[in-house]
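Chemist: structure for this input, please:
(chains A, B, C and D)
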4 protein chains.
Amino acid sequence: MSTARLEAFSDGVFAIAITLLVLDLHAPARPGHLAEALGKEWPHYATFVVSFLTIGIIWVNHHSQFSIVSRVDRPMLFINLFLLMVVVFIPFPTGLLADHLQNGSDQHIAAAVYSATLLVMGIAFFANWRYAAAHSQLLHAEMSPAQIRRLVNRNILGLAPYALAVGFAFVSAPLSLAICGAVAVYYVFPGRLPEHDAQAAGSA
Amino acid sequence: MSTARLEAFSDGVFAIAITLLVLDLHAPARPGHLAEALGKEWPHYATFVVSFLTIGIIWVNHHSQFSIVSRVDRPMLFINLFLLMVVVFIPFPTGLLADHLQNGSDQHIAAAVYSATLLVMGIAFFANWRYAAAHSQLLHAEMSPAQIRRLVNRNILGLAPYALAVGFAFVSAPLSLAICGAVAVYYVFPGRLPEHDAQAAGSA
Amino acid sequence: MSTARLEAFSDGVFAIAITLLVLDLHAPARPGHLAEALGKEWPHYATFVVSFLTIGIIWVNHHSQFSIVSRVDRPMLFINLFLLMVVVFIPFPTGLLADHLQNGSDQHIAAAVYSATLLVMGIAFFANWRYAAAHSQLLHAEMSPAQIRRLVNRNILGLAPYALAVGFAFVSAPLSLAICGAVAVYYVFPGRLPEHDAQAAGSA
Amino acid sequence: MSTARLEAFSDGVFAIAITLLVLDLHAPARPGHLAEALGKEWPHYATFVVSFLTIGIIWVNHHSQFSIVSRVDRPMLFINLFLLMVVVFIPFPTGLLADHLQNGSDQHIAAAVYSATLLVMGIAFFANWRYAAAHSQLLHAEMSPAQIRRLVNRNILGLAPYALAVGFAFVSAPLSLAICGAVAVYYVFPGRLPEHDAQAAGSA
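Modeler: Sure thing, here's the model as predicted:
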């Protein structure tokens, strides 16, 4: 199977999941107190931004990934489907974390579910890489084994902060969210990737 | 009509229907009882996963189907539209089954509606095949009549477990859901299809 | 502007609007009365099917229309945007009609709003045709003036049943819905269009 | 990176955000008072139309923009992602303004949030232009520096009415909405752009 329709379908899922995040924004206000009500919703804005950037970045990286993959076989199709299932799921823990970010013991559960979801997303993305790297007939010819190994290693490293965020969820939910946000911001700023590799793959 | 825009539109509908499944996930919790509330929502996670995989697989198979269809005429366009109507409908019985999976006599109704929906989806998918097989001018040249017959037969077989799930709905809703889930898992694992046919068509 | 990105964007909007229709399906049930509750929701299934088919057919016809349009200018872009606005709006009167299909005097208002929406959609679709026909430099060369005139006339005729449905809304909402449904079913069955024109344009 | 997948993803997000606007339309009515209830919802129709046209126009302009951009680098990818984040956000202030358009002091807050969102969207769009103009290797060859400068300047001017709308929000919310609507209507009518530039870029 060529990668074109897989990319189109994935783009569709990314685009919809990222847009559904807005359905979590509400500001129920008593008359005359809208500004206050909007202010109290800050956990929803914070999780909206972090989840939006995270899905946006996984989209950018998915794009980069498939620029070096030339063919998709059935296992890879389903690894990708699993990745999409996690992405589709993201609006749920996003709303959950926003609802409970400041709520006593519940904040820890909510933050753990949220950051664990991002960790599983990272693992699914990594599995995609791992599988492609092990089946070089699926890749475009121009990647050397050393380049492939470097990309795979970098992807493992990308999982560490999410694992950290799961752990810190039990200390403080806002801190856990901040770690997830920092990962997103890190990738947003340019120059984080060696120019050559970025050109070749723009890996995560 | 070329198949390109039909596939693009279908991909869009599949992508949106699969993503809307997340809107069924909620976890209303009394303060301090979030973990418990999340646990009690397991029927929603179970139906989310089964419906996600089912739509995902029908997408993969739709893709395979159209890799051997070269042209679409008006009847086929509307058979496909009927298939999409069933796919769009899926989030409704998914939520219904999740809400009633453990509820006395209602579970049987809900499970029957759910598995019947998947059965009708399978029938619509089969009708697409049947019509294409009977109008070989719509297919790419390289399919032999024997290959076409094999694909059609395999599709009929694919309907059997869903019919079974409708029947078992009146015994136990979780069992009925498990059968639907097993169908999805069956197709996820690679090697289920003879290599040659998979290459040629990847049929369901 | 080439028509490719306009068609892609329109397909996206059609696909999403058609899929959002499912969000109107609910079946709140007292324990043990799910079958009854599902039965009482029939107005929602009826409007779901009619709206789904109507959007599906307008999509098919939009596709046909753009198979004879080769270029899009700015006015046509905005006529198309207006058509999409009406399509996006459809889930609202769909839910409205379902909620009030059996409710005394309210049914007339709801049915009038519903069928008027479909009428306005038809007018927007017709305006697209009318504009394209008047600017033949936007069309592919192979259409003769007589063919174009025939297509335009057929589109005007297509508006009549919707106008009728608006009128009959004040007699009976189910009747008005049935007329809208009959329009959809009419176009679904093949052979309604002269073969040659169907090939050339498949107009509404 | 080629612009094709970026445009496809952006189109998807535009299409979904524009379609989700319909979810804000409701008409809760006491039996027998549907017409009255529908009438009272006019702020929702007004904001629906203004937001729909605004997103539609930003889509048209985004399309124009990328017709002169030939390549996208990582910074531009993220500027575009920020633009999409604002677009995805729009349904929230749209509903907010509709809910509070006639509510005492709250109307000012709601209108300020709404028009500020459109202003930020305009700034993000402008930033996209600004960045592209400063990196001419990303553009197709045929743009002269004078043309680029003219486009950039016109985009700055496009921000002025939104800034005005933020200011007037504190005078009257309907007036602020009317200014935003006037911007949309201004761009809808043809002939607003010098023919040559429109051909080359159709800038905002």
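
Chemist: and residue A:64, how many neighbours?
Modeler: Residue A:64: 20 surrounding residues under other CB atoms under 10 Å in any protein chain shown. Where you see a C-beta, it was placed from the backbone N, CA and C, and this is true even at glycine.

Chemist: and if you look at residue A:152?
Modeler: 16.

Chemist: next one: the one helix or strand it maps to to chain centre, how far?
Modeler: With secondary structure defined by DSSP states H and E, residue A:152 is part of helix A:145-168. Put simply, helix A:145-168 sits 13 Å off its chain's centre (CA atoms, centre = their mean, to the nearest Å).

Chemist: cool, stretch A:33-51 as well?
Modeler: 21 Å.

Chemist: tell me the buried residues in the helix holding residue A:152?
Modeler: By 16 or more other CB atoms under 10 Å in any protein chain shown, the buried positions in helix A:145-168 come out as A:147-148, A:150-152, A:154-155, A:158-159, A:161-166, A:168.

Chemist: quick check: phi and psi at residue A:139.
Modeler: phi -100, psi 160 (degrees, to the nearest 10).

Chemist: do residue A:71 as well
Modeler: According to degrees, to the nearest 10, residue A:71 has phi -140, psi 150.

Chemist: same question for residue A:73.
Modeler: Residue torsions, per degrees, to the nearest 10, at residue A:73 are phi -100, psi 180.

Chemist: correct me if wrong: it contacts residue A:137.
Modeler: No. Using CB atoms under 8 Å, residue A:73 is not in contact with residue A:137, being 9.0 Å away.

Chemist: the more surrounded of these two?
Modeler: Legend: neighbour count by other CB under 10 Å for residue A:73 and residue A:137, higher for residue A:73 (16 against 7).

Chemist: and the gap between the more buried one and residue C:87?
Modeler: 38 Å (CB to CB, to the nearest Å).

Chemist: what does residue A:104 give?
Modeler: Residue A:104 is 46 Å from residue C:87, by CB to CB.

Chemist: for stretch A:56-71, list the C-alpha coordinates in CSV.
Modeler: Taking Å, rounded to 0.1, in the frame of the first residue of the first chain, the C-alpha atoms of stretch A:56-71 are listed here in CSV:
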residue,chain,number,x,y,z
GLY,A,56,0.1,19.3,16.4
ILE,A,57,3.7,18.2,17.1
ILE,A,58,2.8,14.5,16.7
TRP,A,59,1.2,15.5,13.4
VAL,A,60,4.4,17.3,12.3
ASN,A,61,6.5,14.3,13.3
HIS,A,62,4.1,11.9,11.7
HIS,A,63,4.6,13.8,8.5
SER,A,64,8.3,13.7,8.9
GLN,A,65,8.2,10.0,9.6
PHE,A,66,6.3,9.2,6.5
SER,A,67,8.6,11.3,4.4
ILE,A,68,11.2,8.5,4.8
VAL,A,69,8.7,5.6,4.7
SER,A,70,7.8,4.7,1.1
ARG,A,71,5.5,1.7,1.6
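
Chemist: what does chain A have sitting close to chain C?
Modeler: Applying CB under 8 Å from any CB of the partner chain, one finds that chain A approaches chain C through residue A:16.

Chemist: quick one: contacts for residue A:152?
Modeler: Neighbouring residues of residue A:152 by CB atoms under 8 Å, 6 or more residues apart in numbering or on different chains: A:126, A:129, A:130, A:133.

Chemist: up against chain D, what does chain A have?
Modeler: A:7-8, A:11-12, A:14-16, A:18-23, A:25, A:27, A:29, A:31-35, A:38, A:48-49, A:52-53, A:56, A:59-60, A:63, A:67, A:188, A:190, A:193, A:198, A:202.
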